[in-house]
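1. here's my sequence, what's the structure:
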Amino acid sequence: MSAPTSETTSGDNASGENETGAALQGASAEAPGRQAWTRQERPLRLERRLEFPDYEVTRVFLERSGALSEEMDIFPNLSFGRTYVNLTLFADDESGELTEQALTFAERVDRLLDAEPIAPS
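-> Numbers count the residues shown, from 1 in each chain. Alright, predicted model coming up:
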């Protein structure tokens with residue numbers, strides 16, 4: 001379910017506009033410190049840990065994933081520090097299964113990591 005991997009690159013401009021977006025793109029790589037979504041059984045859930053090079057890149061990811069949560073009306077459990085984010089999507093309380101909405105959210109998070117570089121605000 002993980003998005004295709006890409007290598008982290010740095011922007012060449014003096015303002016560093018592309019560096020945050022490029023580093024965010026690199027977070028999708030299955031490299032040390034990066035992992036694909038994993039399915040855990042007790043309780044049923046999907047988990048993913050992402051590590052970033054600095055707080056600025058972490059913040060951009062948190063902003064993007066927050067907007068996605070609002071758009072899809074799905075709110076994963078989230079923990080984060082300066083350079084990492086842990087996401088957990090739990091199974092539906094009623095059905096006990098991972099919903100299509102949760103699986104779509106996971107796929108869209110993967111796509112966030114491959115999105116066009118953006119300038120930090």
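2. use CA for all of it now, contacts and neighbours both
-> Fine.
3. which stretches of the protein have low pLDDT?
-> Residues of the chain that meet the criterion pLDDT under 70 lie in 1-34, 116-121.
4. buried set for the longest helix anywhere in it?
-> Identified as the longest helix of the chain according to DSSP state H is helix 55-72. Judged by neighbour count (16 or more other C-alpha atoms under 10 Å), helix 55-72 contains these buried residues: 56-61, 65, 68.
5. after that helix, next one along is what?
-> As assigned by DSSP states H and E, the chain's next helix or strand after helix 55-72 is strand 77-81.
6. tell me what that following strand is packed against?
-> Judged by 3 or more C-alpha pairs under 8 Å, 6 or more residues apart in numbering; DSSP states H and E, strand 77-81 is in contact with strand 84-90.
7. what's the angle from the strand it packs on to helix 55-72?
-> 20 degrees (axes from the mean of the first three to the mean of the last three C-alpha atoms, to 10 degrees).
8. give me the residues contacting the host helix or strand of residue 40.
-> According to DSSP H and E, residue 40 maps onto strand 38-41. Contacts with strand 38-41, where a contact means C-alpha atoms under 8 Å, 6 or more residues apart in numbering, come from 45-48.
9. recalculate using a threshold of 10 Å.
-> Outside strand 38-41, the residues that touch it by C-alpha atoms under 10 Å, 6 or more residues apart in numbering are 1-2, 45-49, 88-91, 98.
10. name the helices or strands packed onto the helix or strand just after that strand?
-> Next helix or strand after strand 38-41 toward the C-terminus (DSSP H and E): strand 44-51. Here strand 44-51 touches helix 17-26, strand 38-41, helix 55-72, strand 77-81, strand 84-90, helix 100-113, going by 3 or more C-alpha pairs under 10 Å, 6 or more residues apart in numbering; DSSP states H and E.
11. now strand 44-51: buried residues?
-> 45-51.
12. hmm, residue 101 is touching residue 68, no?
-> No - the pair residue 101 and residue 68 does not pass the contact test of C-alpha atoms under 10 Å, sitting 12.0 Å apart.
13. joint contacts of these two?
-> Contacts common to residue 101 and residue 68, judged by C-alpha under 10 Å, 6+ apart, are residue 74.
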